[in-house]
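Chemist: sequence first, predicted coordinates after that:
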Amino acid sequence: MTYPEPDINQRIWQIVALIPRGKVATYGDVAAQAGMPGAARRVGRALKHLPRDTRIPWHRVVNAQGRISLAEGSAGQYTQRERLEAEGIAFQPNGRINLREFRAFSAAG
DNA sequence: ACCCTGACTTATT
DNA sequence: CAATAAGCCAGGG
């Protein structure tokens, strides 16, 4: 069976591992930090590839709107929110995270 | 090769 | 703020 570029996934996971506790990064941020600006979707795919028992803090990756991209009501969505709140990340009433406050990598790098 | 789909993003209406 | 459109990269039928 064909294998989806393992090196790329490794690089993406490495960047995600750099997001400090209590902070988040957008898919676009991770892609840019990994040296592939514009490849936000690629990041999502890499995360989906993660083994269940990984220690990579995948939950610290949210979309550009400061929202969780996993399906509403899904187990993953619930887990992600629980973990983020446990790290002290606050969700606004509209379900969004204030990126100005919790973003790990600034747009300027 | 063609087309649809997705843990995405930005701009426009 | 919601709906559209267009750009983006790659997997799978």
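Modeler: In hand now; what should we look at?
Chemist: for residue A:30, what are its contacts?
Modeler: A:12, A:15-16, A:40, A:43, A:61 (C-beta atoms under 8 Å, 6 or more residues apart in numbering). Using the backbone N, CA and C atoms, a C-beta is placed for each residue, glycine as well.
Chemist: show me where chain A has its helices.
Modeler: With helices called from DSSP state H, chain A shows them at A:6-16, A:27-33, A:40-48, A:75-86, A:99-102.
Chemist: okay, those helices in TSV with mean pLDDT and distance to DNA strand B next?
Modeler: What follows is the helices of chain A, written out as TSV (pLDDT from 0 to 100; distance: least, C-beta to the nearest atom of the strand, whole Å):
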stretch	mean pLDDT	distance to DNA strand B
helix A:6-16	88	9
helix A:27-33	94	3
helix A:40-48	93	3
helix A:75-86	94	6
helix A:99-102	94	10
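Chemist: buried subset of the contacts of residue A:30?
Modeler: The neighbour count (16 or more other C-beta atoms under 10 Å) marks A:12, A:15-16, A:40, A:43, A:61 as buried among the contacts of residue A:30.
Chemist: can you tell me which of those is nearest DNA strand C?
Modeler: Nearest to DNA strand C, judged by C-beta to the nearest atom of the strand, of these is residue A:40 at 6.5 Å.
Chemist: and the gap between the nearest residue to that closest one once chain neighbours are set aside and DNA strand C?
Modeler: What sits nearest to residue A:40 in space, not counting adjacent residues and going by C-beta to C-beta, 6 or more residues apart in numbering, is residue A:27, at 3.9 Å. With distances taken as C-beta to the nearest atom of the strand, to the nearest Å, residue A:27 is found 10 Å from DNA strand C.
Chemist: was I right about residue A:27 contacting residue A:66?
Modeler: No - Residue A:27 lies out of contact with residue A:66 (C-beta atoms under 8 Å); the separation is 11.9 Å.
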